[in-house]
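Asks: can't give you the sequence, but here's the structure:
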Ligand SMILES: [Zn+2]
Ligand SMILES: [Zn+2]
């Protein structure tokens, strides 16, 4: 009986897959603890792991209003300036840290939450149908009488 010397093609495939995983996984799990980070004056959005313990330790994508409920400042949120492994939102004014998944302030005993942001729906302006009232067709007889009376008045005054 001949033994197979070459590894099975499927096995080769699996090996390649594992090699790829080892090579690319650390690169995708970036050092800043999250990705898909989007910051505007109105809202912040990121895909990051829950770091407050309320959700599973996996990636969540969440959007919040760019508003700090602790110090009431707008536009002060910054993504992970402290470089946590999970990623978090930090207020640059009061240094409060919020879980990037639920927006919960991470300090124990705090019940502050970032406000969940929902993109405003594009409202299509209702097309207002204005009925244009078509004037009643004038009775030619009435018109003649009106014109005549006008003429009469004028001639009378004149
Ligand atoms: Zn959390
Ligand atoms: Zn703040």
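Replies: Everything's here; your move. Only a predicted model underlies this, so the values are computations on that prediction, with no experimental measurement involved. Ligands and ions are numbered 1, 2, ... in the order given.
Asks: Identify the residues contacting residue 97.
Replies: 82, 84, 88, 89, 90, 91, 105, 106, 107 (Cβ atoms under 8 Å, 6 or more residues apart in numbering). C-beta coordinates here come from the backbone N, C-alpha and C atoms, glycine included.
Asks: and if we set it to 10 Å?
Replies: 51-52, 70, 80-82, 84, 88-91, 104-107, 110 (Cβ atoms under 10 Å, 6 or more residues apart in numbering).
Asks: Just give me the closest of the residues you listed to ligand 1.
Replies: Nearest to ligand 1 among the contacts of residue 97: residue 52, at 3.4 Å, using Cβ to the ion.
Asks: and the closest one, how many residues sit next to it?
Replies: 21 (other Cβ atoms under 10 Å).
Asks: before we move on, the earlier item: the contacts of residue 97 in strands, which ones?
Replies: 88, 89, 90, 91 (DSSP state E).
Asks: Can you name the two of those residues that sit furthest apart?
Replies: 88 and 91 (10.5 Å; Cβ to Cβ).
Asks: got a list of what residue 37 touches?
Replies: 30, 44, 45, 46, 47, 48, 78, 79, 80, 87, 89, 100.
Asks: With residue 60 instead?
Replies: By Cβ under 10 Å, 6+ apart, residue 60 lies in contact with 34, 46, 47, 48, 49, 50, 86, 87, 99, 100, 101, 102.
Asks: Mind listing the residues bridging to the fifth one?
Replies: Spelled out, it's residue 49. residue 59 (DSSP bridges).
Asks: Pretty sure it sits against residue 102.
Replies: No: applying Cβ atoms under 10 Å as the test, residue 49 and residue 102 come out as separate, 11.4 Å apart.
Asks: if we can go back for a sec, a markdown table for the ones in strands among the contacts of residue 97, including neighbour count?
Replies: As requested, those are exported to a markdown table (neighbours: other Cβ atoms under 10 Å):
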| residue | neighbour count |
| --- | --- |
| 88 | 30 |
| 89 | 29 |
| 90 | 20 |
| 91 | 21 |
